[in-house]
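> output the structure for:
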Amino acid sequence: MFPISVQFKNWEEANVAIKAVQAMRDGIPRVAKENEGEQSTADAGLIERLLEALSYPDKDGIKSSIIETLLAAPAFEWVAYPTIVEAAAEQVQMTKEVSARRTPAALRDLSWQIKQKVDPTDLSGKQKPIEVLAERIRSGGEFSYRLTPAGRRAAEIWLHG
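Reported below is the predicted structural model:
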């Protein structure tokens with residue numbers, strides 16, 4: 001690695017660039033760390049806490065639809081918010097207009113559920129609790145989402161046992 005100086009107009013642009021670099025790096029196999037066992041234990045604890053957060057009732061199925069949609073995407077791929085809204089409309093059998101009103105509420109509810117169950121250290125560096133489950137990146141005025149590694153594993157367990 002070598003240092004590079006880059007200028008951005010604001011923090012939002014810088015965060016987009018940082019997340020893009022992280023996404024690129026996530027696609028490259030990582031070198032094993034000396035404390036990999038400790039890291040695995042920490043990840044297992046986070047996955048357990050995320051499973052607890054996902055265990056809240058999902059009365060209308062929108063939260064389940066969001067998780068299913070994110071899990072169906074490849075691990076390195078961002079899912080645009082309109083795609084999540086359309087998937088919820090199809091899976092829960094409602095109009096796109098109704099889905100467009102109810103999907104943001106379901107995302108806020110998921111974020112609240114996560115905040116109730118995760119440790120404060122899990123929230124470190126996150127703007128919203130939902131980012132423990134799924135990373136967010138803002139592009140063109142809307143967010144795109146991608147499950148974190150712990151979020152992906154928790155979603156797999158929660159949906160498929």
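
> surely I66 meets R108?
No - at 11.3 Å, I66 does not count as touching R108 under the criterion of C-beta atoms under 8 Å. Heads up, the C-betas are built off the backbone N, CA and C, glycines and all.

> the two: which is more packed in?
Taking neighbours as other C-beta atoms under 10 Å, I66 and R108 compare with I66 leading, 27 against 13.

> report the contact partners of that one.
84, 87-88, 103, 106-107, 110 (C-beta atoms under 8 Å, 6 or more residues apart in numbering).

> quick one: which of the residues you listed is most hemmed in?
Neighbour count (other C-beta under 10 Å) singles out A88 as the most crowded of those, with 27 neighbours.

> and stretch 72-88, what's buried?
With burial defined by 16 or more other C-beta atoms under 10 Å, the residues of stretch 72-88 counted as buried are 73, 78-79, 81, 84-88.

> let's have those residues in CSV, adding secondary structure.
Below are the buried residues of stretch 72-88 laid out as CSV (DSSP: H, G, I helix; E, B strand; the rest coil):
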residue, secondary structure
A73, coil
W78, coil
V79, strand
Y81, helix
I84, helix
V85, helix
E86, helix
A87, helix
A88, helix
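
> alright, that wraps it up for me.
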